[in-house]
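1. please work out how this folds:
(chains A and B)
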Amino acid sequence: MLEARRTRVVLAVLLVVAIALITIDFRDGGDSSAHGIGGRLFGPVERVTGDVTGFFRGATSGGEVANLQKQNDELRAELAQAQTSKANAGQLAKLLHLTGAKYKVVTGTVIAAGGEYADAVTINVGSAAGVADNETVLNGDGLVGTVTSVTSSTATVQLASDAGTTVGIRMAGSGQIGALSGTASSMTGSTALRLTLFSAKATLRPGQELVTFGSVGGRPYAPGIPVGVVSAVTTQPGSLTPTGIVRPYADFTGLGVVGVVVSR
Amino acid sequence: MTPTATEPTAARRTLTGVVLAAILLAAVVLQLTVVNRLPLPAAYPDLVLLAVTAIAVCTGPLPGTLAGFAAGLALDVAPPASHYAGEYALVFCLAGYGAARAVRAIYDTTGERDPLTMFTVMAVAAAAGEAGKAALGMLLSQPDVTGPAIKQVLPAAILYDLLLAPFMFLLVARLTRQADQERAPAPEFSYAQRLASVFRAASYGAAPDLRLSGTGADYRAPVTPRRVPRLRLDGTGDDHRSPSLPRSVPQLRLSRGGAGSIGRTGSAASPGAALRPAGAGSPSLNFAADRPARNLRRTARSPGKNWLRSGVRPPRSASRVTPRPAKTSAVPRHSAFRGSAFRGSAFRGSAFRGSAFRGSAFKNGASALRIPAYRAGAVPRIPARGWLRAGGHGSAQGAAGVAGSAPRSGAEVLAARSAPSGLSALSGAVTPLARRSPRSGWLRAGSPSWASHTGPRLSPHRGWLGGTSRSRTVIGSTPGGAGGPRRGNWYTAGPSRDWVRHSRHPWRKRRQRLLRMVGVGR
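-> Predicted coordinates:
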């Protein structure tokens, strides 16, 4: 009985601690220092493990494939910048206070991923490589997500498919703007993003392409990065604007090498 | 965990603990870096949850709880985590504790601890953990955890877990079983074991110390008292862990009514009682000699009945009175006592009863009674005093003496107040409150020390008037020890439920019979 009582006491204490942690993290919006400590503790371990497993995947950072993917990422970023400046460079620059500087892309490899209920990955570049919070992450296909937390050697990327993400987009042809939000559990199969246009008069039809609208200073989203293509359009009753289902270019379940747009 | 004779060495246990911790860490890292990146549809298996539940069912509640908390916290703060820190710690902690408690409860009730049961518990706990993760995420309104998402993810996750659970269970069970095997060798007579378990379940609570001969204790973890369900014999107060001796103790003990001794004869027989609060329990055994002086009050109220009063009791030097239950109870006390009572009334004429009278009263009383039990004592007591007069002694004696001449003294008022209503006419004369020396506790009524001192004075009806027709031995009480069951009599502050229960509880007869069969009792 003594042991049972002691166990109950321990259980009660641990539950209280857990609830306190949840409360603190909830208050801080999921960004309490516990995550920082955990990142410092587990970051190196995951990095080593990611390198080991990446070796079997053939996606080590020194490999040929990785080099090509890195080149691809940089080209993609440059292309996005060029297209943006060509389209309406003046307006956007004035609007977004774009610096006009050339994007610098830091490439990293995904070393860990969240579970079913979290569309987030960890990459093996961190603040030591110049990565900071709220920087755009892309790969050769298109937009991946944005950096949410950084340790010295790792960075956590919140994918665009996460239900908590909203990306400002622009229709490639018409220039209509809208918001693209992730849907829950999109990482586990049904990868679909939901598009809502702001203008009620805008036409939305399948096949249209989306690029990022861009944010102030390129953070969290740099402008002009391709996101996906509209695959279906639904008009919900009572809604002013049509809702589109967007199939993203990037394959969120098979992410390997990604690039972080470092805006320095 | 169980302190057994063949306990695994500390080094071995430490090694097992380290290995289990390493398994947990490996599970966390593999989960994040490998499993979560597998191109699986709909969900991923949760290696960490499986490891936690496996450790829980293979070890115990405390390791299960700790493992669950630690592993869950690691998952909470390891980098890609986007949920709130503490969520998985909470869920896994509960899952580990629940799984371990379930295994232990099953073991306690059935005595079985086969791997299939443990695995079943583990699988159920893992499924519950998955559901708990989803529920807590939904509770905290995480954007990713929505109804459709759960509907899609949860069945798949449970399915994956069940597929992976056997491997994890075998791994952990093998690691912990090695530590277990050092504890005791595996048995060879499986039938005897099974019989033992059945026997234990059947006789459980009745005779905790009985074991089927030849089967021995359980091989893996010998039945420590903790393992046995704490079903207590109702009313016995103590637990089976220390099988109480009093079952075989003589039913009446006239010896000094020390603290906790059963069948106390009360303060009248205990020489030092005047100095102790134990005097409160004086009317515990109702020998005639121990009768409280109910005539004191009567005298005080109605002096005309003075003849019922007897002399003041003599200073007793007897420290022990040999227990002779049968003979004592067979004393034809009424006539003998009444004779002495009449004789005592002769002394009542004078308002002052000195000690000079005591000697004669004592002498006469002794000659009037030819009771073997009293003869055996060093100095026999006067039955007259016991019958009609309380064995008031110490300061209460003084109060009683004063009460004879000066009615309604303070002590008597107290006595009258504290006496039970139905008995006030007869027994209100000297109640424990009045009798105890004031310094030792008449102000703290119902204090544990007092309650533990009071003997098995059970029901007023039988106790006061029924003589010794009924044995007052309390089954399960511990003789001579403050650690004995605490049991109040009807004087204590609250109505004692104890005597009601243990006096007529069906287990009593059964247990006595069983014990007698085995030869433990009697």
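2. can you confirm B:A74 is in a helix?
-> Yes: under DSSP: H, G, I helix; E, B strand; the rest coil, B:A74 falls within a helix.
3. now the helices for chain A?
-> For chain A, the helices defined by DSSP state H cover A:2-27, A:33-57, A:64-96.
4. deepest in the core, which of those is it.
-> Of all the helices of chain A, helix A:33-57 has the most neighbours on average by mean count of other Cβ atoms under 10 Å in any protein chain shown, namely a mean of 18. Glycine gets a C-beta too; all of them are placed from N, C-alpha and C.
5. what would the helices of chain A look like in a markdown table with distance to chain B?
-> Converted to a markdown table, the helices of chain A look like this (distance: least, Cβ to the nearest Cβ, whole Å):
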| stretch | distance to chain B |
| --- | --- |
| helix A:2-27 | 3 |
| helix A:33-57 | 2 |
| helix A:64-96 | 16 |
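6. for A:P226, find the nearest of those.
-> Set against A:P226 and scored by Cβ to Cβ, these come closest in helix A:64-96, at 7.3 Å.
7. what pLDDT does residue 68 get?
-> Reading this off chain A. A:L68 carries a pLDDT score of 76 in this model.
8. sorry, I should have been clearer: chain B.
-> Note for B:G68: predicted pLDDT of 94.
9. domains for chain B, by residue range?
-> As assigned by automatic domain parsing, chain B contains the domains B:10-181, B:267-518.
10. among those, show the one with the smallest mean pLDDT.
-> domain B:267-518 (a mean of 45).
11. lowest-confidence stretch among the helices of chain A?
-> Across the helices of chain A, helix A:64-96 gives the lowest mean pLDDT, at a mean of 67.
12. one step back: could the helices of chain A go into TSV alongside distance to A:V233?
-> Below are the helices of chain A laid out as TSV (distance: least, Cβ to Cβ, whole Å):
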stretch	distance to A:V233
helix A:2-27	37
helix A:33-57	37
helix A:64-96	24
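13. which of these sits closest to A:A163?
-> Nearest of the helices of chain A (Cβ to Cβ): helix A:2-27, 17.1 Å.
14. so what's A:A113 up against?
-> A:A120, A:V121, A:T122, A:M187, A:L255, B:L32, B:T33, B:N36, B:R37, B:P80 (Cβ atoms under 8 Å, 6 or more residues apart in numbering or on different chains).
15. what separation do you get for the fifth one and A:A160?
-> What it means is A:L255. 11 Å (Cβ to Cβ, to the nearest Å).
16. between those two, which one's more packed in?
-> Set side by side, A:L255 and A:A160 show more neighbours around A:A160, with 30 against 22, by other Cβ atoms under 10 Å in any protein chain shown.
17. just to revisit the earlier point, mind listing the shared neighbours of A:L255 and A:A160?
-> Common neighbours of A:L255 and A:A160 (Cβ under 8 Å, 6+ apart) are A:V144.
18. for the contacts of A:A113, which one is nearest A:E74?
-> A:L255 (17.2 Å).
19. correct me, but the closest one touches A:L143?
-> No: counting by Cβ atoms under 8 Å, A:L255 does not reach A:L143; the two are 11.9 Å apart.
20. intersection of neighbour lists for these two?
-> Contacts common to A:L255 and A:L143, judged by Cβ under 8 Å, 6+ apart, are absent.
21. got any ranges where the stretch 51-200 of chain A has weak pLDDT?
-> A:57-64, A:66, A:81-102, A:184-191 (pLDDT under 70).
22. quick check: residues of it near chain B?
-> A:53, A:110-122, A:148-149, A:151, A:154, A:156, A:158, A:162-164, A:184-185, A:188-190 (Cβ under 8 Å from any Cβ of the partner chain).
23. neighbouring contacts of stretch B:53-63?
-> Residues contacting stretch B:53-63 (Cβ under 8 Å, 6+ apart): A:3-4, A:6-7, A:10-11, B:1, B:17, B:20, B:23-24, B:64-65, B:67-68, B:95-97, B:99-104, B:118-119, B:121-122, B:125-126, B:129, B:165, B:168-169, B:171-173, B:175-177.
24. try 7 Å
-> With contact meaning Cβ atoms under 7 Å, 6 or more residues apart in numbering or on different chains, stretch B:53-63 is reached by A:3, A:6-7, A:10, B:1, B:20, B:64, B:67-68, B:95-97, B:99-101, B:103-104, B:118, B:121-122, B:125-126, B:129, B:168-169, B:172-173, B:176.
25. before we move on, what about stretch B:33-45?
-> Contacts for stretch B:33-45 (Cβ under 7 Å, 6+ apart): A:46, A:49-50, A:53, A:111-116, A:188-189, A:253-254, B:47, B:152-153, B:156-157, B:160-161, B:164.
26. in chain B, which residue sits nearest chain A?
-> Going by Cβ to the nearest Cβ, chain A is nearest to B:V77 of chain B, at 2.3 Å.
27. so how many other residues sit close to that residue?
-> Neighbours of B:V77 (other Cβ under 10 Å): 25.
28. excluding sequence neighbours, find me the nearest residue to it.
-> A:G38 (2.3 Å; Cβ to Cβ, 6 or more residues apart in numbering or on different chains).
29. got it, and A:Q208?
-> Of all residues not flanking A:Q208 in the chain, A:V230 sits nearest, at 4.6 Å (Cβ to Cβ, 6+ apart).
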